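Trainee: structure, please.
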Amino acid sequence: MLGAEHVYSAGLLEVTVPGERRRERFWQLRGRQWRVERDDGLTFISDQGVGSVTMVDGTVTERGPALRPGVLLADQLLRPRYALVWGRPGEDWRLTDQLTEVAERRVRVELHPVDGQAARGHLVVDPVTGILHELALGSSRTVLLALEEIGSPDTPALFAFPGS
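Mentor: Numbering: from 1, shown residues only. Reported below is the predicted structural model:
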């Protein structure tokens, strides 16, 4: 079920980019409502066509249109069709046929840069659910540390914009 829609889920990512390692806690409802709280203090909320970025002190620094699908790293992992690994126009990576089973229900797929550079990448996917558990593109790496489906979220409070 590659790219399956999840009705409601919450989880935790670890993101490593050159010079930085952070964690991102996320909540999502049907892939249209998102809340991401980064441990560096930024909070992103995207709901009903509107998005905002909030600093740790509560200051709303940006408010505008909702985030496009796939902008958030969690969205790329839960709905891999948005991951930039398919070799489509504007994407720097493409899948290869190099597969390795790394755990029960997890397969590692090697990635190559479209431009032929020497950089390496890979993803780790659950072939049953389609969820990516790891996405490594050159020197950046995103790992799904936790994922849970939650029954009755308090969606009005969870996705409410500051000052609303």
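Trainee: ok, residues contacting stretch 126-135?
Mentor: 1-4, 73, 76-78, 80, 83, 85, 105-107, 122-125, 141-144, 147 (C-beta atoms under 8 Å, 6 or more residues apart in numbering). C-betas here are computed from N, CA, C, even on glycine.
Trainee: how about the strands in the chain?
Mentor: For the chain, strands defined by DSSP state E occupy the ranges 8-17, 20-29, 33-38, 43-47, 50-54, 60-65, 93-103, 106-113, 121-125, 132-137, 140-149.
Trainee: near R30, how many other residues are there?
Mentor: Other residues within reach of R30 by the criterion other C-beta atoms under 10 Å amount to 10.
Trainee: that should have said D39, apologies.
Mentor: As a burial measure, D39 scores 14 neighbours (other C-beta under 10 Å).
Trainee: which non-adjacent residue is nearest it?
Mentor: Once flanking residues are discounted, D39 sits nearest to R23: 4.6 Å by C-beta to C-beta, 6 or more residues apart in numbering.
Trainee: what residues are bridge-paired with that neighbour?
Mentor: Counting by DSSP bridges, R23 forms beta bridges with E14.
Trainee: and it, how far is that from A74?
Mentor: Separation of R23 from A74 (C-beta to C-beta, to the nearest Å): 12 Å.
Trainee: what's the overlap in contacts for these two?
Mentor: Contacts common to R23 and A74, judged by C-beta under 8 Å, 6+ apart, are L13.
Trainee: tell me where the model's unsure across this structure.
Mentor: Scanning the chain for pLDDT under 70 picks out the ranges 1-7, 50, 52-58, 60-63, 65-66, 150-164.
Trainee: packing partners of the longest helix along it?
Mentor: For the chain, the helix reaching the highest residue count under DSSP state H is reported as helix 73-78. Secondary-structure packing of helix 73-78 (3 or more C-beta pairs under 8 Å, 6 or more residues apart in numbering; DSSP states H and E): strand 8-17, strand 20-29, strand 33-38, strand 132-137, strand 140-149.
Trainee: L137 against E91, yeah?
Mentor: No: L137 lies out of contact with E91 (C-beta atoms under 8 Å); the separation is 10.1 Å.
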